[in-house]
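Novice: Build me a structure from this.
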Amino acid sequence: MLQLCRVTEALFISNARSACDGELIRCEAVTLCINVSRQQPFPAASDMAALRVPVYDDPNEDLYVHFDRCADAIEEEARRGGRSVVYCKNGRSRSATVCVAYLMKHHKLSLTEALQKVKTARQVIDPNPGFMAQLERYEQELKKKDRDLN
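Specialist: Residues are numbered from 1 along each chain as shown. Take a look at the predicted model:
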């Protein structure tokens with residue numbers, strides 16, 4: 001079944017097949033596609049912003065270095081009234097990790113809360129152990145920045 005799973009008002013998570021379905025993208029008024037893969041295609045719609053995060057679903061891949069850029073792009077799109085879809089091949093590990101990082105940074109959720117929110121939207125999510133470790137590191141980093149500001 002083709003579907004974009006709504007995480008927030010302005011954020012969807014999906015697999016590549018659904019994210020590349022032009023009808024779905026139009027129906028949900030998606031304006032930014034974040035493709036978290038090296039090989040998956042982008043939707044054909046040319047009027048859409050696109051961001052590729054070239055990583056494999058491998059625990060040794062460094063997805064952490066992309067967290068801020070992706071989270072800020074999603075937030076910026078939302079503030080402009082746009083909507084983002086984050087996807088990878090199966091919509092389980094890479095895309096989920098990016099969505100969780102976004103919720104932690106811009107919605108101030110803990111890692112546990114953010115994971116639960118994404119899992120509620122898309123039950124099959126399951127970030128690999130390496131990405132979970134990177135999210136834990138990111139949570140500590142965000143807490144530290146928060147403390148330094150206060």
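Novice: what residues are up against A96?
Specialist: 13, 118, 122, 125-127 (Cβ atoms under 8 Å, 6 or more residues apart in numbering). Glycine gets a C-beta too; all of them are placed from N, C-alpha and C.
Novice: Sorry, slip of the keys, the one I care about is L142.
Specialist: Residues in contact with L142 (Cβ under 8 Å, 6+ apart) are 104-105.
Novice: helix or strand for E141, which one?
Specialist: Taking DSSP states H and E as the definition, one finds E141 inside helix 129-149.
Novice: close enough to count as contact, L51 and T31?
Specialist: No. Using Cβ atoms under 8 Å, L51 and T31 do not qualify as a contacting pair, with a distance of 11.8 Å.
Novice: quick revisit: ok, of the contacts of A96, which one's closest to D21?
Specialist: Within the set of those, I13 lies nearest D21; the separation is 14.5 Å, counting by Cβ to Cβ.
Novice: three-state assignment of the closest one?
Specialist: I13 falls in the strand class when you classify it by DSSP: H, G, I helix; E, B strand; the rest coil.
Novice: Check A50 too.
Specialist: Here A50 is recorded as strand under three-state DSSP.
Novice: try V7
Specialist: Assigned by three-state DSSP, the conformation of V7 is strand.
Novice: nearest spatial neighbour of S84, skipping sequence neighbours?
Specialist: In this structure, S84 finds its nearest non-sequential neighbour in L32, 4.2 Å apart by Cβ to Cβ, 6 or more residues apart in numbering.
Novice: For burial, what's the neighbour tally of that neighbour?
Specialist: L32 has 21 neighbouring residues, counting by other Cβ atoms under 10 Å.
Novice: Need the phi and psi values for it.
Specialist: For L32, the backbone dihedrals (degrees, to the nearest 10) come out as phi -140, psi 130.
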